[in-house]
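Peer 1: quick one: sequence and predicted model below, then my questions.
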Amino acid sequence: MEKMDFKKELKQLYQATAKEVVQVDVPPMNFLMVDGQGDPNTSQDYADAIEALFALSYTLKFMVKKGALALDYAVMPLESLWWADDMTNFATGDKSLWKWTAMVMQPPFITSAMVYSAIAEVQKKNQLPAMRKLRMKSFAEGKCAQTLHVGPFAEEGPTIERVHRFIQARSALRGKHHEIYLSDSRRAAPEKCKTIVRQPMQ
């Protein structure tokens, strides 16, 4: 059985380089999502969201592989949108006031009915606290700028500034700060963590 890898099929969106900032057009895609607020480094809600997203994503993967579709695919990486009601709080680093949407992209053949079945399957084995907050939604960003950040999350500032300068030289910023975590921060050394930094633009 051939294994599909949507990171490769969508390489312009999921295989960025740190050498330059580029413009991309992001089409509508379906995501499992959980919303919350707080410092991602200390928030139990954020950790719970990640646990629920991957428990459901892997349950869906195995349902599809063993079911009528008989397809295999790689589960996509964790992504998060970040913002604050007062963006000065976001810029100055008061992370307790940050709001977020943690999310994992799903293949186009995953339906809402499959998601409901998978939620029931997961909840039989483990009552995950964030599962009741989880939803699947189509999300379209359209025109964006992005680049790759290699290193600790705490050192993303200059990378974000590069993306913002790229946009401001051409149009204006819009939407929410978007990060795609290509590395598992629980296993990778901080200096080797790879994160795509993306920002929608006018």
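Peer 2: Sure thing, it's come through.

Peer 1: in this structure Glu2 contacts Ala70, no?
Peer 2: No. With contacts counted by C-beta atoms under 8 Å, Glu2 stays clear of Ala70, the gap being 10.8 Å. C-beta here means a position set from N, CA and C on the backbone, and glycine is covered the same way.

Peer 1: and the longest helix for the protein?
Peer 2: Scanning the chain for the helix with the most residues, using DSSP state H, yields helix 44-66.

Peer 1: for that one, buried residues please.
Peer 2: Neighbour-count burial for helix 44-66 flags 45-46, 48-53, 55-57, 59-61, 63-64 (criterion: 16 or more other C-beta atoms under 10 Å).

Peer 1: try stretch 6-25
Peer 2: Quick answer for stretch 6-25 (16+ other C-beta under 10 Å): 6-7, 10, 13-14, 16, 21, 24.

Peer 1: what of stretch 30-49?
Peer 2: So for stretch 30-49, counting by 16+ other C-beta under 10 Å, buried means 30-36, 38, 40, 43, 45-46, 48-49.

Peer 1: and the buried residues of stretch 6-25 as a markdown table, adding pLDDT?
Peer 2: What follows is the buried residues of stretch 6-25, written out as a markdown table (pLDDT from 0 to 100):
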| residue | pLDDT |
| --- | --- |
| Phe6 | 95 |
| Lys7 | 95 |
| Leu10 | 96 |
| Leu13 | 97 |
| Tyr14 | 97 |
| Ala16 | 95 |
| Val21 | 98 |
| Val24 | 98 |
